[in-house]
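Chemist: Turn this into a model:
(2 chains)
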Amino acid sequence: NAGVTQTPKFQVLKTGQSMTLQCAQDMNHEYMSWYRQDPGMGLRLIHYSVGAGITDQGEVPNGYNVSRSTTEDFPLRLLSAAPSQTSVYFCASSYSRVGGGPGELFFGEGSRLTVL
Amino acid sequence: AQTVTQSQPEMSVQEAETVTLSCTYDTSENNYYLFWYKQPPSRQMILVIRQEAYKQQNATENRFSVNFQKAAKSFSLKISDSQLGDTAMYFCAFRINAGNMLTFGGGTRLMVKP
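Modeler: Below is the predicted model:
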């Protein structure tokens, strides 16, 4: 199993450019999410989805868009990149556990984004 | 809203010794899960151990164990017989029973010295 696959692993952008971080999982997980990791702040939730066609905002959604057209894919879009979006981004998925269960998150390998 | 606090930004330990990483959390929920994730220099997030809040017995996974104090809202990680491969960032995380989202602490960077 490939698990959770993120691309690209590294990206450098100029302020104002747009880009999409791709995320795909092959575990048939209903729940998918995007986090950003910044020094001293742990991982903060950007957006999440509990199934195809359903998305919602997390803790830090501004400047990011998502969509979920299939169970497998959950891309994260930066429409106009800003230096404050320099970070490491993680996609993570799990079985939906509304109502109970451990709901362990499976993470991709991360994408380091630098905005100049 | 839930918050998770890791008060030790950095720690070090000699190889083969024992180290304890602290984590406290704040919630009004009664049913939830707690996790410790390890992030080595490769950046991969690896689940180390998890604890169900309704279980009184502390979880154990080989050299890793937790001290779960529900009343005090404390969830510390003990690493016994530390190995060089334990060098990593460690994150404490919280999830309510009826949801999927994890809330993470700020992390503790652990260095195991030879």
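Chemist: tell me which parts of chain B are close to chain A?
Modeler: Residues of chain B lying near chain A by C-beta under 8 Å from any C-beta of the partner chain: B:4, B:6, B:9, B:33, B:35, B:42-45, B:47, B:50, B:52, B:91, B:95, B:97-107. The way it works is simple: take the backbone N, C-alpha and C, and place the C-beta from them, glycine included.
Chemist: you'd agree B:Val112 is up against B:Asp81?
Modeler: No: assessed by C-beta atoms under 8 Å, B:Val112 is found out of contact with B:Asp81, at 10.5 Å.
Chemist: buried residues in stretch A:31-43?
Modeler: For stretch A:31-43, a neighbour-count test (16 or more other C-beta atoms under 10 Å in any protein chain shown) marks A:Tyr31, A:Met32, A:Ser33, A:Trp34, A:Tyr35, A:Arg36, A:Gln37, A:Gly42, A:Leu43 as buried.
Chemist: the more surrounded of B:Val112 and B:Asp81?
Modeler: The neighbour comparison of B:Val112 against B:Asp81 (other C-beta atoms under 10 Å in any protein chain shown) goes to B:Val112, with 20 against 11.
Chemist: Not including adjacent chain positions, what is the nearest residue to B:Glu10?
Modeler: Leaving out its chain neighbours, the residue that sits closest to B:Glu10 by C-beta to C-beta, 6 or more residues apart in numbering or on different chains is B:Arg109, at 4.7 Å.
Chemist: Apologies, that question was intended for A:Gly108.
Modeler: A:Gln6 (3.6 Å).
Chemist: Just say helix, strand or coil for that neighbour.
Modeler: strand (DSSP: H, G, I helix; E, B strand; the rest coil).
Chemist: Which residue lies nearest the spatial centre of chain A?
Modeler: The centroid of chain A falls nearest to A:Trp34 when counting by C-alpha atoms, centre = their mean (2.4 Å).
Chemist: Likewise for chain B?
Modeler: For chain B, by C-alpha atoms, centre = their mean, the most central residue is B:Trp36; offset 3.4 Å.
Chemist: In terms of secondary structure, what does the helix or strand hosting it contact?
Modeler: Using DSSP states H and E, B:Trp36 maps to strand B:32-39. Here strand B:32-39 touches strand B:46-52, strand B:64-69, strand B:74-79, strand B:88-96, going by 3 or more C-beta pairs under 8 Å, 6 or more residues apart in numbering or on different chains; DSSP states H and E.
Chemist: buried stuff in it?
Modeler: Neighbour-count burial for strand B:32-39 [16+ other C-beta under 10 Å]: B:Tyr32, B:Tyr33, B:Leu34, B:Phe35, B:Trp36, B:Tyr37, B:Lys38, B:Gln39.
Chemist: can I assume the fourth one is in contact with B:Phe104?
Modeler: To tie it back to what came earlier, the one meant is B:Phe35. No: counting by C-beta under 8 Å, B:Phe35 stays clear of B:Phe104, with 9.0 Å between them.
Chemist: so what sits against both of these two?
Modeler: The contact sets of B:Phe35 and B:Phe104 overlap at B:Cys92, B:Ala93 (C-beta atoms under 8 Å, 6 or more residues apart in numbering or on different chains).
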